[in-house]
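**Q** What follows is a predicted protein model with its sequence.
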Amino acid sequence: IPHFVSTAISALSRGDFITAQNETLMIFLIGTIDALLDFWCVYLFGLANLRIIRGLRMDTFVAILKQDVNFFDVSISGDLTSRLTSDCTEMSS
């Protein structure tokens, strides 16, 4: 994009308005493509993040379910719930 900006400014200083118009159009076109690619990048990384956290929560939940009954007598249910909710979310940050 810096190339097109400098070319457009140079064309304007020479009075070549057709070249300046073409360069401005290229800036707009490339900027739009860049914005779309940035959107998809953020979206896909967010989606991957959600899938990883969901898998982590499922693994943690299955590990909790496989514990003996004595484990639930000793453990506080709030701690177990915290492991499933806030700890997994905190890891994704």
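**A** Here it is on my side, so go on. Residues are numbered from 1 along each chain as shown.

**Q** what packs against the worst-scoring helix or strand of the chain on mean pLDDT?
**A** Scoring the helices and strands of the chain by mean pLDDT, DSSP states H and E places helix 88-92 at the bottom, with a mean of 76. Contact here means 3 or more CB pairs under 8 Å, 6 or more residues apart in numbering; DSSP states H and E; on that basis helix 88-92 packs against helix 17-65. The C-beta positions use only the backbone N, C-alpha and C, and glycine is treated the same way.

**Q** for the record, mean pLDDT for the helix it packs on?
**A** Mean pLDDT, helix 17-65: 92.

**Q** For it, name the packing helices and strands.
**A** helix 2-14, helix 88-92.

**Q** Which SSE is immediately downstream of it?
**A** Using DSSP states H and E, the helix or strand that follows helix 17-65 in sequence is helix 69-74.
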